[in-house]
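> Sequence first, predicted coordinates after that:
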Amino acid sequence: MKKRSMAALTAILVVVPLVAAAPGQRVRAAESGPGDSARSAGSTLVRGVNLDTVTIPELQARMNRGSLSSLRLTLAYLRRIKAVDPRINAVLRTSPTALRQAAASDLRHRLGKSRGPLDGIPVLLKDNVNTRDMPTTAGSLALAGKPPATDADLVKRLRAAGAVILGKANLSEWANFRAAKPTSGWSAVGGQTNNPYVLDRNPCGSSSGSAAALAASLAQVAIGTETDGSIVCPAGMNGVVGLKPSLGVVSQSGVVPISAEQDTAGPMARNVIDTALTLSVLSGRDTVRGDGAPSLTDAAGRPGTLRGKRIGLWRLPSLGAEVDALMTRTAEQLSAAGAEVVEVDMPYQERLAELEFPALLSEFHRDIDAYLATRGGPRDLAELIEFNRTHPREQTCFAGQELFEQALAAPPTTDPEYLATRAELTGLSRRSIDEVMAAHGLDAIASPANPPAWTTDCARGDNDVIPSSTPAAVAGYPSLSVPAGFVGELPVGLLLMAGDRQDAELLSLGAAVEHRLGAWRAPGYLPSAPSGTSH
């Protein structure tokens with residue numbers, strides 16, 4: 001057995017250079033004519049498995065039976081990246097060791113030593129998550145040199161669980177915290193990521209590449225990060241699932257920061273089951289609380305019922321009449337399944353909007369200086385600002401770095417005014433959720449996660465006043481985006497939020513909502529939206 005296994009591994013190592021891109025290189029298109037559709041150029045079928053719809057438990061069952069290997073699964077995703085990604089520009093690079101990782105997983109499966117639900121599952125990482133064997137750039141040329149010395153803590157957990165680190169996803173440069181009018185999905189390293197549903201539309205948020213790659217079935221799961229909206233908005237706008245966990249559930253060590261008071265990495269997938277299983281690995285435990293809360297595995301495997309659940313609907317009509325009509329239909333569907341849907345309004349939102357940005361400026365200066373000190377390149381924010389001024393490629397979509405300049409001048413986090421601001425922010429944001437949930441006896445609060453995707457335009461920047469993510473983001477509470485439906489060809493997500501450390505309960509409810517709405521459909525890669533589509 002050992003000799004055969006070693007021979008198999010040796011054969012795999014010979015194959016690796018033929019199919020995996022070298023570190024730092026963007027994956028090239030497969031040889032196909034310009035008229036070929038993306039869906040036919042890279043098949044979603046592998047050994048009878050449809051990558052668009054298969055779940056991690058289904059994949060593990062097949063790998064345990066021997067009817068599917070991690071190697072074959074990983075190869076299928078690498079081939080899809082080569083065939084499909086040139087249209088959406090979501091994947092910066094693939095790992096040169098992906099197939100070796102898959103072969104090692106196959107050996108563990110054959111020996112009955114699987115490490116759990118993510119063993120052999122291909123995962124994409126947002127490129128602000130440190131990897132020792134691939135560059136970690138946050139989309140900036142300033143960090144495009146030598147990789148970090150060590151993996152981020154969450155990557156160590158993924159590797160220990162046997163996950164195949166497939167590669168790195170593009171993102172909004174510096175997680176969209178550089179310019180006053182940025183364009184989401186653009187970075188100097190990776191260029192512009194497109195929305196797979198309509199290619200001239202924006203993917204939203206800074207975890208744009210992670211979400212777009214999932215929508216195009218370029219990986220089974222992906223890791224995003226959020227400070228305020230950067231997981232849940234791209235998930236909604238690309239028709240996938242994204243969880244912003246409770247603050248502290250996932251370690252932020254080794255992740256390029258904005259604010260330690262709000263930042264968290266989180267799982268993204270095409271379904272809630274895979275999202276929950278990935279969180280169980282990222283968090284290092286099967287529950288995020290120790291008080292008898294349901295486990296994440298239970299939330300994944302046995303989605304809850306909607307019957308008897310009370311859900312508050314925060315409509316946000318500012319996102320447009322078409323989104324509001326979709327929320328009405330969503331409420332009707334949830335009510336028909338036995339949920340009680342009551343309309344609510346969220347207090348203190350104007351004050352939160354006034355306070356959040358000044359607090360983030362001070363926190364960013366503190367936290368980015370600490371991170372840059374661990375990397376080659378600019379040693380602090382002042383040097384980073386100078387780097388951008390002297391590198392024209394950093395200005396090819398938008399030249400501004402107003403947020404960097406304001407952060408450099410912001411009060412330190414020891415300043416009494418800052419301390420008062422952050423204390424009021426945290427208190428009001430938690431009250432906004434806690435008070436509404438208590439007053440109405442709610443299990444969760446729901447709202448639209450996003451408007452229909454706007455047209456990408458470097459000159460104009462984003463059109464993204466989306467307030468739904470702020471209460472949970474500032475409070476450090478969990479929020480979950482699941483597909484709700486479409487406005488024309490453009491996906492809209494339903495954002496669910498709940499109280500602190502109620503991640504498992506939220507995932508269980510989200511699985512029931514996902515099952516009831518059945519809103520997912522594969523992207524069409526349309527060049528532009530039909531005339532008359534909003535935004």
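Yep, it's here.
> Least confident secondary structure element in the chain?
helix 2-19 (a mean of 40; mean pLDDT, DSSP states H and E).
> helix or strand for residue 342, which one?
strand 340-343 (DSSP states H and E).
> for residue 377, same thing?
Under the assignment here (DSSP H and E), residue 377 is part of no helix and no strand.
> what's the neighbour count on it?
16 (other CB atoms under 10 Å). In this view, the C-beta of every residue, glycine as well, is placed from N, C-alpha and C.
> quick one: it from residue 385, how far?
As defined by CB to CB, to the nearest Å, residue 377 lies at a distance of 13 Å from residue 385.
> about what we covered before: each with direction, which strands does the strand holding residue 342 pair with?
Taking DSSP bridges as the criterion, strand 340-343 sits next to strand 310-313 (parallel) in its sheet.
> Would you tell me what the next helix or strand after the partner strand is?
Where DSSP H and E defines the elements, the next helix or strand beyond strand 310-313 is helix 321-336.
> how about that next one: buried residues?
By neighbour count on 16 or more other CB atoms under 10 Å, the buried set for helix 321-336 is 322-323, 326-327, 330-331, 333-334.
> now swap in stretch 395-414 and tell me
397-398, 401, 403-408, 410-411, 413.
> before we move on, what about stretch 182-200?
Across stretch 182-200, burial judged by 16+ other CB under 10 Å covers 182-199.
> Narrow those to those in strands?
Assigned to strands by DSSP state E, the following of the buried residues of stretch 182-200 qualify: 186-187, 191-192.
> Among those, which one sits closest to residue 297?
Of all those, residue 187 has the smallest distance to residue 297: 35.5 Å, by CB to CB.
> Find the nearest non-adjacent residue to the closest one, please.
Among residues not flanking residue 187 along the chain, residue 139 sits closest, at 2.6 Å (CB to CB, 6 or more residues apart in numbering).
> what sits against the one you found?
Applying CB atoms under 8 Å, 6 or more residues apart in numbering, we find residue 139 in contact with 127-128, 170-174, 186-190.
> does it count as helix, strand or coil?
Here residue 139 takes the coil state, with states given by DSSP: H, G, I helix; E, B strand; the rest coil.
> Quick check: it vs residue 419, distance?
Taking CB to CB as the criterion, residue 139 is separated from residue 419 by 31 Å.
> got it, and residue 393?
39 Å.
> Of the two, give the one with the bigger neighbour count.
Neighbours per residue (other CB under 10 Å) separate residue 393 from residue 419, with residue 419 holding more: 14 against 10.
> tell me the pLDDT at the more buried one?
Note on residue 419: pLDDT of 98.
> and if you look at residue 286?
70.
> ok, now which ones touch it?
Residue 286 makes contact with 280, 295-297, according to CB under 8 Å, 6+ apart.
> likewise residue 289?
By CB under 8 Å, 6+ apart, residue 289 lies in contact with 501, 504.
> switch the cut-off to 6 Å
residue 501 (CB atoms under 6 Å, 6 or more residues apart in numbering).
> Now do the same for residue 242: helix, strand or coil?
strand.
> Just read off the phi/psi values of the spatially most central residue of the chain.
The centroid of the chain falls nearest to residue 224 when counting by CA atoms, centre = their mean (3.1 Å). Residue 224 has phi and psi values of phi -120, psi 180 when expressed as degrees, to the nearest 10.
> quick one: it from residue 152, how far?
Taking CB to CB, one finds residue 224 at 13 Å from residue 152.
> Between the two, which contacts overlap?
By CB under 6 Å, 6+ apart, no residue touches both residue 224 and residue 152.
> Quick check, pLDDT for the residue nearest to residue 322 when sequence neighbours are not counted.
If the residues on either side of it in the chain are set aside, residue 322 comes closest to residue 487, at 4.4 Å by CB to CB, 6+ apart. Per-residue confidence at residue 487 stands at 98 (pLDDT).
> which residue ranges form the helices in the stretch 251-400 of the chain?
With helices called from DSSP state H, counting those that start in this stretch, the stretch 251-400 of the chain shows them at 272-283, 296-301, 321-336, 349-372, 381-389.
> Would you tell me which one of these is buried the most?
Neighbour counts (mean count of other CB atoms under 10 Å) averaged over each of those peak at helix 272-283, with a mean of 27.
> of all the helices of the stretch 251-400 of the chain, which lies closest to residue 178?
helix 381-389 (7.9 Å).
> So what touches the next helix or strand after the closest one?
As assigned by DSSP H and E, the chain's next helix or strand after helix 381-389 is helix 402-409. For helix 402-409, the surrounding residues in contact (CB under 6 Å, 6+ apart) are 177-178, 180, 361, 364-365, 381, 385.
> give me that answer again for 10 Å
174, 176-182, 258, 357-358, 360-369, 380-382, 384-385, 388, 401, 410 (CB atoms under 10 Å, 6 or more residues apart in numbering).
> about what we covered before: mind giving me JSON lines with the contacts of residue 139 and columns for pLDDT?
Below are the contacts of residue 139 laid out as JSON lines (pLDDT from 0 to 100):
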{"residue": "127", "pLDDT": "98"}
{"residue": "128", "pLDDT": "98"}
{"residue": "170", "pLDDT": "98"}
{"residue": "171", "pLDDT": "98"}
{"residue": "172", "pLDDT": "98"}
{"residue": "173", "pLDDT": "98"}
{"residue": "174", "pLDDT": "98"}
{"residue": "186", "pLDDT": "98"}
{"residue": "187", "pLDDT": "98"}
{"residue": "188", "pLDDT": "98"}
{"residue": "189", "pLDDT": "98"}
{"residue": "190", "pLDDT": "98"}
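> Pick the one among those closest to residue 469.
residue 172 (14.6 Å).
> what residues are up against the nearest residue to the closest one once chain neighbours are set aside?
Distance criterion CB to CB, 6+ apart; nearest residue to residue 172, sequence neighbours excluded, is residue 206 at 4.0 Å. Residue 206 makes contact with 126, 128, 138-139, 170-177, 182, 184-185, 187, 224-227, 229-231, 233-234, 258, according to CB under 10 Å, 6+ apart.
> Residue 64 too?
So residue 64 contacts 109-110, 112, 114, 119 (CB under 10 Å, 6+ apart).
> Buried members of the residues you listed into PyMOL, please.
One line in PyMOL is enough to select the buried members of the contacts of residue 64, burial here meaning 16+ other CB under 10 Å:
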select buried, resi 109+110+114+119
